[in-house]
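Colleague: Dropping the sequence and predicted coords here.
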Amino acid sequence: MSNPHKSKYDEHPFDPNSSHDDKTEPPDPGNTQVPELKVVWDRRPSFNLDPPKVGDGGGGGGGGGEQWRDASPFRIDLRDVSAQVDSMLATSRVLVAEYTALKARVMSGKDTVFGQKATITHIVGGASGRDGNTYNGVGAGVREERTDPSPVQDMAKQFAKGINPAQEKVLQNIGATLELVGEYIAAVNRSGQVYAYSDRHSRFPAPPNASA
């Protein structure tokens, strides 16, 4: 039997001859709660609506009570802004759907995918009563099958103990990133509402005093 090839990327390869008594506890990843995500806007809130107050996640509300200052001249293409917001919303829906599918796959298979419940089927019987025969020939014994837990189960459970929290942490990080994307989209849309609100409430300064 040839010696196994040593990978330069794996500094601690698995040793099949080890006793496995030196099991170390995996690092604690902390909170691994996996979030559920959805795009709450079917359509972006119109720029004709007043911008929400800071901390208000809705698309309506008013700007009453806020202090407005004179602004320098500026130009904005609200049609282009609205198109970009709609584009980001469409992309976010795809990303949330992909995240949801990945989360469902991870959570549904994490207790079995690494072999935690693997079994081995032993075939007993056949010619001369030897194991492994898959037929009943002349003089053969009765073929029976016996299912036993696989020896890999213990290693698989130990591996899952460390990798499952890590997977959940990755899902948590993906969810947090997509949440930030949603907050950015909301901020851009609110900016459009603020510009439109400013335009609707713009006033020319009072004319100079005729006696001046």
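Modeller: Perfect, I can see it now.

Colleague: can you give me the strands in this structure?
Modeller: Secondary structure of the chain (DSSP state E): strands at 119-124, 144-149.

Colleague: Next, the buried residues of stretch 44-53.
Modeller: Neighbour-count burial for stretch 44-53, counted by 16 or more other Cβ atoms under 10 Å, picks out 44-45, 47, 49-52. For glycine as for every other residue, the C-beta is placed from the backbone atoms N, C-alpha and C.

Colleague: And it, end to end?
Modeller: With Cα to Cα, to the nearest Å as the measure, stretch 44-53 spans 17 Å from end to end.

Colleague: Just the mean pLDDT for it, thanks.
Modeller: The average of the pLDDT scores along stretch 44-53 is 86.

Colleague: What of stretch 120-132?
Modeller: Stretch 120-132 shows a mean pLDDT of 63.

Colleague: What of stretch 80-89?
Modeller: 95.

Colleague: Quick check: buried residues in that stretch?
Modeller: Buried, per 16+ other Cβ under 10 Å, within stretch 80-89: 81-82, 85, 88-89.

Colleague: can I get the buried residues of stretch 44-53 in JSON lines with distance to residue 166?
Modeller: Formatted as JSON lines, the buried residues of stretch 44-53 follow (distance: Cβ to Cβ, whole Å):
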{"residue": "44", "distance to residue 166": "36"}
{"residue": "45", "distance to residue 166": "38"}
{"residue": "47", "distance to residue 166": "43"}
{"residue": "49", "distance to residue 166": "43"}
{"residue": "50", "distance to residue 166": "45"}
{"residue": "51", "distance to residue 166": "41"}
{"residue": "52", "distance to residue 166": "38"}
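
Colleague: Could you identify the most distant pair in those residues?
Modeller: Maximum pairwise distance among the buried residues of stretch 44-53 (Cβ to Cβ): 14.8 Å, between 44 and 50.

Colleague: hang on, isn't residue 195 packed against residue 76?
Modeller: Yes: with contact defined as Cβ atoms under 8 Å, residue 195 counts as touching residue 76 (5.2 Å).
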